[in-house]
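1. sequence first, predicted model second:
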There are 2 protein chains.
Amino acid sequence: MIRLSSSFVRTLREDPADAEVASHKLLVRAGYIRRSAAGVYTWLPLGLKVLRKVEQIVREEQDGIGGQEVLFSALQPREPYERTGRWEEYGSTLFRLQDRRQDDYLLAPTHEEAFTLTVKDLFSSYKDLPTMLYQVQSKYRDEARPRAGLLRTREFIMKDAYSFDVTDEGLDASYEKQRGAYQRTFERLGLPIVICQADAGAMGGSRSEEFLHPTAVGEDTFVVSDGGYAANVEAVTTVAPPALDEAAIGALPAMHLEDTPGASTIAALTDHSNQAFPGRGPVAENGEWTRYEMLKHLVYLLTLPDGSTEPLVIAVPGDREVDPKRLETALAPAVAAPFTDADFAKHPVLKKGFIGPEGLGLESESGIRYLVDPRVVPGSAWVAGAGEQDKHVYDLVYGRDFTADGTIEAAEVRDGDPAPDGSGPLRLTRGMEMGHIFQLGRKYAEALDLKVLDENGKAVVVTMGSYGIGVTRAVAALAELYHDEKGLAWPRRLAPADVHIMATGKGQEIFEEAERIATELEAQGLEVLYDDRPKVSPGVKFKDAELLGMPTSVVVGRGLATGVVEVRDRATGEVREVSPQEVVDAVLAESRRA
Amino acid sequence: MIRLSSSFVRTLREDPADAEVASHKLLVRAGYIRRSAAGVYTWLPLGLKVLRKVEQIVREEQDGIGGQEVLFSALQPREPYERTGRWEEYGSTLFRLQDRRQDDYLLAPTHEEAFTLTVKDLFSSYKDLPTMLYQVQSKYRDEARPRAGLLRTREFIMKDAYSFDVTDEGLDASYEKQRGAYQRTFERLGLPIVICQADAGAMGGSRSEEFLHPTAVGEDTFVVSDGGYAANVEAVTTVAPPALDEAAIGALPAMHLEDTPGASTIAALTDHSNQAFPGRGPVAENGEWTRYEMLKHLVYLLTLPDGSTEPLVIAVPGDREVDPKRLETALAPAVAAPFTDADFAKHPVLKKGFIGPEGLGLESESGIRYLVDPRVVPGSAWVAGAGEQDKHVYDLVYGRDFTADGTIEAAEVRDGDPAPDGSGPLRLTRGMEMGHIFQLGRKYAEALDLKVLDENGKAVVVTMGSYGIGVTRAVAALAELYHDEKGLAWPRRLAPADVHIMATGKGQEIFEEAERIATELEAQGLEVLYDDRPKVSPGVKFKDAELLGMPTSVVVGRGLATGVVEVRDRATGEVREVSPQEVVDAVLAESRRA
C-alpha cells in the first residue's frame, strides 16, 4: 500500500517553467518524474511503477515470439562501432568518453554491434539460427535539442531486439513476428498506432516500418489515405503523370526562347508569362500559366562519404518546395548544403535565377549531376531558365529537348497528393515514433564478420533485423493521451495503483474506515494508494487525486455518518454513492471491468 | 520453458584464458555471461535470470523496511559532485565525459548527490521525514585493475539506498532498519556474512559496517575473534599496554646514548644490542633484546587536501610493518608518499637510519609532525636513533624522555593480536565486500544545502545514511560458493530454472516422454529447462547439466523402455530411479523441499 503521508510524492500546482507539452507538465506536477539535467530525468516512485508496467507488457510480447532477454552494458568499446562506421556517422549525437588508459568508449545509442559480436561468439552453424534476442536497457543520445520532457531525452529506456537468420525468407519471417508482437504490444498499452512505411536511411536494408502514434505533439509528419496507405513523409513515392510516347511528343509545339526581363523567381516568371503570353498557358479553361510548369532549379553542394564535394542541380515543379528531410533521405549517405555565391562563381553555367537544363548532366561538358522530380516525365512541357540573364525557354519537353541523370524524391508532400498505391488523397498527420522495425540485412554481419556454416558446410553471412520500442517515450505518450485539464487519467493496467482512497475529514472513524477499506482491497489483490495525510483539506485531496490519475477513487468523508462513501471514476468523472459495506465489492467490480 | 535446442546458450569445455577464479570460469563456460570489454560484461539469458532473482530478493527486503524505489540516470552533471568534492576525490576512478556543449558529466559511481538534491526538491518539513529511498541500477567505476570476472568490474549493478532523518536518533533507527534488511537479504541469498566494523573513510560520518562474505578469493582482509568481534583491518584499534604513573616512571633507568656502528636497520640494531649489552634487554627470562623495543621511525611526505605538503614521522615498534591501507585510512584525506633522498636533504634533523624523537614534533624547532603507535604509552621504554650517525639512545621512556603530537593506527594487524573488545585473539580472514551501510551524517546535506523546517520553524540540516549492495557481485559470490569441480550448483531459489530435463537417446518415444514431463512440470508452476537437442550425446548432456547447475535434473533415456527415469540432485549428486508416472510428483517434492 502506498500511503501518501510517507510517500516520496509531492504534487505541484504550477507547471514547470520549461514544460511545453501536457505529458511533461503533468508527470512533473504529479511527482512521477523530475528533471536531473537537460534531457535527463529521474523516475520517482509513482513514475517508476508505470514504467515497470510498460516494460512488463513489452517483455511479455517479446517472450511470446520466442525472444530471449539479455542485458548489455551501456558502456561499449569504440572498435566494433568503428568497424560498422557508426562511430563516425553518429557525429555529435554519440556520447564518447575515454577510460583511464585513454581507450575510447561510447554510451550506446543502440546495440547492433554488441549483439552481432555476441552471436558470432556463441553461434557457428545454420542450425543455431534463427534466434531473436532483446534487452530493455538505458540508451544514450546526445540530442542537440532535448525537449518535451520524456518525448526527446538524452537518456531513455528502450527495448531493442535483433533477429539473426540465414536466409532472406527467414528474415522476413522474423520481421513478421516482431510486427505482430508490436501490434499486440501497443494494443495492450492502449496506444493507437499507424504503421508507416519508413525509409531505412543510413541503416541500410530493405523493409522498414515505423509505429507512429498520431498526436499533435509528435515530431514526425506522416501521411495516410482513407484507403489505408500510411507512410513516413520520407518514404512517400510521387505519383507521376503519364508519360507520352514518341509520336505524341512529336506533335507538341517546339520549344522557343523568350525574353523574361527580371523574372528570376517562380512568382515573377508566372506573372510575366501570364502578361506576355496570355491564354497560351496549359490551364484548359482559360489558358492561364501556373507556377507548376515553371521548372524550379535548385543547386546544392554535395559532400560524399569520402569527404569529396560536387555540385548537384535538382528540378522540381515551381509550385513545390524541396522538403529538407526528404532531400536528406534521398541523398544519404551524401549530405547537401546550399550553394554559396563562391560556389556559383566557380560554375558559370549555373546562372542564378535563370538556371535551366542546358549544359547540365554528368554527360555534359559541365559534368554537373542533374536530377528531376518524378513528375518530369517524357512528354511533359516546362518553362525553364535558358542559362543566361533574363531569358527562359518555353515548351521545353522532357525526353525531346532535355534529359536528366535520374529522378529524386525531394519535393514536399502535400495534403491532397495522391497515395502511391491509388488508395486516395493523402492527409498529412503529426505523429510520435513509438517503435521502429527494420531489416538490417547483412550490413552489420558483413562489417563484423558474422558468418555461420550452411547445410553444405559453406560459411554464409547472417542477415539481421532490428526492432526498437521507446519505453520511456511510451510513458510520455500515454500521459499525453490519457489526461484532461485536471490531471492524469491512467488506463487501469498501467496506473501505479488500481484505487486511490481518500480520508477526507477530521474524525478518527473516517480514517479508521478508510484504512479498513484500503486494507481489504489490498487483501483482495488490488494495488492501493491511500491518502492518509491527517491535516490536508478535502479540496487538496480531491485535486491531488485528479492530478495523480488512478482509475478509481474512493472518498471516505462526511457522508460516512449517514452510511455513504463515494466511488469516483477518473476517466468519466462519474460519482456513485455506496455504503461502506458495499464499497470493496464495488471497487473490485470496477477493477475487473477493464 | 527454456529449450536448449533454440536457446542462446553455449557451453564451453575450456576455461576462458583470462579467468582466475571459479565463478568467472564457470559463469563464462556455462554461458551465463560474456566479457564485452575490460571489466564490462554482457548478461546472457541464463545469467540474467539469476541476476533478476537476486535483485528481487534485494527489492523485497528494501520494500519491507519502507524503502521506496526510484531510478536515477547513470549520467549525472558535474556540478553537485563538484560541490561535495567527489568530482576531484574520485580521481581517475570516475568516468568523466563532455556533452556536445562541452558541459561536464560523469557516470555515477554512487548517487548521494542526486538523491540529496531530489529530496531537497520535494521535501521541506520535518514532517516529511524520515524517508528511505533506493534504486537498483548500473554504476560505473573506472577501476585500475578490473579482475576476477564479476568480482571487480567497471560497470556493475548496485542497490544503493539513502535514508534522510532530522535527528541523530532518527539516523540510528534508519541504520538499524537497513542493518536488519541486509541480514535478511543475505540470509535469503544463502550468502554467509560477517558484519565488520569499517572505517567510514573519505565518506565521513560515524557508524559504518561492511557485510563481508568470507572467501579465499575476497579482496578484503578482516579480523574476527572467537568472542564475536569482527572488523575491517582498517578499523581495528590497537590494544596498548598499561601506562605507568609518574612515580613508576621515575623509578626506571635513565636514558643513555650508545655507539651503534652501522646499525641502521632494526635487524642490525637488535643484533648489536644483544652483542653489546647481553642480558640487559627486556625479555624476563634471559634479558634478550627483541625487535619490538627498537622503535622504528618512518618518514613520509604528506599532501594535504589544499595541495600543500609537509613531512610526517611515524614511530612503530620495530617488529611491525606499517600497513599501507591502515596508514591511508588514518591519514585521509591527506595522502602520504615515501620520503625521497631530496626530501631528506632538506631536513638534516632526519638522519636516515638513525632517526629518533629528538628534534621532532610540531612544538620543536623543526616543526615536523611526529606520531607514534598506540603501544608507545607513558612509561614504555625504547631504543631509538639519536639523530646522528651510528648512535642510538637506550632506555628512552615515553612521557619522560620524549613525547609525540599524537598516536596513529598505522601498524599492521597480525594473527593473534588481541581484539580491542577483549574477546580473544584476532584471526586474519579474507572476505568479499557484499554490502556496506554507513552513516553519512550531514556532510552531503550541508554541501548541497538540504534543510527542512523543524517543529519550531527553524531550518535544520538533514542527516543521511547510505546503504549499498553489489548485486552483480552477489551473483559472482553465489557462483563462487555454490559450485564443484563439475560446474555450478545453484541454490533452488536463485537457479535460472527449477529443473533440467534431458532426453538422452534416439527414440522418438524418449523425446515425447521428456516433452510430456517438461510440459507437466511447467503446468505445475515450475521453471523448466529442457535439453531437447536431437543429435547430442548423453555424455554431453550430462556434462552440460552439471555445468549449468539446476538443482534437480531428470534423465529420460534408455531406462524408459523398462519404465525408469532418473532424478538427480545437483548438490548432493544423489540419483534416484522413479517411474515416468511418479516423476512429476517426485520433482515437485524436491522443489518444495528447499
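-> Structure's in. What do you need?

2. can you tell me how far the nearest residue to A:Asp15 once chain neighbours are set aside is from B:Gln183?
-> Excluding its sequence neighbours, the residue lying closest to A:Asp15 (CB to CB, 6 or more residues apart in numbering or on different chains) is A:Lys25, at 4.4 Å. In this view, the C-beta of every residue, glycine as well, is placed from N, C-alpha and C. Per CB to CB, to the nearest Å, A:Lys25 is found 44 Å from B:Gln183.

3. next, the buried residues of the one helix or strand A:Tyr182 maps to.
-> If you go by DSSP states H and E, A:Tyr182 is part of helix A:168-189. For helix A:168-189, burial by neighbour count (16 or more other CB atoms under 10 Å in any protein chain shown) applies to A:170-172, A:174-175, A:177-179, A:181-182, A:185-186, A:188-189.

4. for chain B, what is the nearest residue in the stretch 101-250 of chain A?
-> At 4.4 Å from chain B, A:Leu122 is the closest residue in the stretch 101-250 of chain A, using CB to the nearest CB.

5. what values do phi and psi take at that residue?
-> phi -90, psi -40 (degrees, to the nearest 10).

6. quick one: contacts for it?
-> With contact taken as CB atoms under 8 Å, 6 or more residues apart in numbering or on different chains, A:Leu122 is in contact with A:128, B:8-10, B:31, B:34, B:44.

7. switch to 6 Å and redo it
-> Contact partners of A:Leu122, counting by CB atoms under 6 Å, 6 or more residues apart in numbering or on different chains, are B:Arg10.

8. OK, contacts around the closest residue to A:Val9 other than its chain neighbours?
-> Nearest residue to A:Val9 in three dimensions, chain neighbours excluded: A:Gly31, at 4.3 Å (CB to CB, 6+ apart). Applying CB under 6 Å, 6+ apart, we find A:Gly31 in contact with A:9-11, A:44.

9. okay, now the residue of the stretch 301-450 of chain A found nearest chain B: neighbour count?
-> Nearest to chain B in the stretch 301-450 of chain A, going by CB to the nearest CB, is A:Leu448, at a distance of 13.7 Å. A total of 20 residues lie near A:Leu448 under the criterion other CB atoms under 10 Å in any protein chain shown.

10. what mean pLDDT does stretch A:455-470 get?
-> Throughout stretch A:455-470, pLDDT has a mean value of 96.

11. and the strands in the stretch 451-594 of chain A?
-> A:451-453, A:459-461, A:463-470, A:483-484, A:487-488, A:499-503, A:528-531, A:552-556, A:565-569, A:575-578 (DSSP state E, counting those that start in this stretch).

12. winner for burial among these?
-> Most buried of the strands of the stretch 451-594 of chain A by mean neighbour count (mean count of other CB atoms under 10 Å in any protein chain shown) is strand A:499-503; its value is a mean of 28.

13. and it, what does it pack against?
-> helix A:508-523, strand A:528-531, strand A:552-556 (3 or more CB pairs under 6 Å, 6 or more residues apart in numbering or on different chains; DSSP states H and E).

14. nearest to B:Leu106, out of these?
-> Smallest distance to B:Leu106 across those (CB to CB): 35.2 Å, for strand A:528-531.

15. where exactly do the strands run in the stretch 251-400 of chain A?
-> A:256-259, A:296-303, A:309-316, A:335-338, A:369-372, A:381-385, A:391-397.

16. could you list the residues in contact with the next helix or strand after the last one?
-> I take that to be strand A:391-397. Proceeding N to C from strand A:391-397, the next assigned helix or strand is strand A:406-407, under DSSP H and E. Here strand A:406-407 makes contact (CB under 6 Å, 6+ apart) with A:371-372, A:374.

17. what about the nearest residue to A:Ile408 once chain neighbours are set aside, how many residues close to it?
-> Nearest residue to A:Ile408 in three dimensions, chain neighbours excluded: A:Leu371, at 4.1 Å (CB to CB, 6+ apart). When counting by other CB under 10 Å, one arrives at 21 neighbours for A:Leu371.

18. per-residue pLDDT of A:Leu371, please?
-> At A:Leu371, pLDDT is 96.

19. and it, bridged to which residues?
-> Beta bridges link A:Leu371 to A:Ile314, A:Gly406, judged by DSSP bridges.

20. before we move on, what about A:Leu426?
-> Listed beta-bridge partners, A:Leu426: A:Ser225 (assigned using DSSP bridges).
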